[in-house]
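J.: could you look at this predicted model? Sequence included:
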Amino acid sequence: MKAVNLKEKLNSFSDYWNPRIVGRLNGQVVKVAKFKGEFIWHKHDEEDELFQLISGQMKIAFRDKTVILNPGELIIVPRGVEHKPMAEEECEVMLFEPESTLNTGDQDSDLKRDTLEEI
């Protein structure tokens, strides 16, 4: 058991839309990522997804609205709900989700990450 310094983990990489695993518990993974620009529309049929904003600002578009997240805020996207994360400027995010969750959900894309680095 040891403390995880999220800032150190986030400072260890600079690419966008490529989550890294920083912890595991009960079949769930804790991931950190940097977002900038627009991701793709997708959904997760079997998993809920939690986004916790650490720094910057991000938006998550849904088919009927867009939610803005500021540092210290989180949102849980229920399974089956289409969404598209976006960030005009770089933001840092922590995600909490089942280990089986693919970042692009039901969509195939160049942004898909089948295997995640553990840092």
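T.: Happy to help now that I have it.
J.: what lines up beside the longest strand anywhere in the chain in the sheet?
T.: Secondary structure of the chain per DSSP state E: the longest strand is strand 84-98. Taking DSSP bridges as the criterion, strand 84-98 sits next to strand 28-38 (antiparallel), strand 49-55 (antiparallel), strand 58-61 (antiparallel) in its sheet.
J.: gap between stretch 21-41 and the chain center?
T.: 4 Å (C-alpha atoms, centre = their mean, to the nearest Å).
J.: before we move on, what about stretch 49-65?
T.: 9 Å.
J.: any low-confidence regions in the chain?
T.: By pLDDT under 70, the low-scoring segments of the chain are 102-107, 111.
J.: which residue is nearest the centroid of it?
T.: Centroid check for the chain by C-alpha atoms, centre = their mean gives residue 95 as the closest residue, at 4.6 Å.
J.: and the strands paired with strand 84-98 as JSON lines, adding mean neighbour count and distance to residue 113?
T.: Glycine gets a C-beta too; all of them are placed from N, C-alpha and C. Listed next are those as JSON lines, based on neighbours: other C-beta atoms under 10 Å; distance: least, C-beta to C-beta, whole Å:
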{"stretch": "strand 28-38", "mean neighbour count": "19", "distance to residue 113": "10"}
{"stretch": "strand 49-55", "mean neighbour count": "19", "distance to residue 113": "14"}
{"stretch": "strand 58-61", "mean neighbour count": "20", "distance to residue 113": "18"}
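J.: can I get those strands in JSON lines with distance to residue 13?
T.: Listed next are the strands paired with strand 84-98 as JSON lines, based on distance: least, C-beta to C-beta, whole Å:
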{"stretch": "strand 28-38", "distance to residue 13": "7"}
{"stretch": "strand 49-55", "distance to residue 13": "14"}
{"stretch": "strand 58-61", "distance to residue 13": "18"}
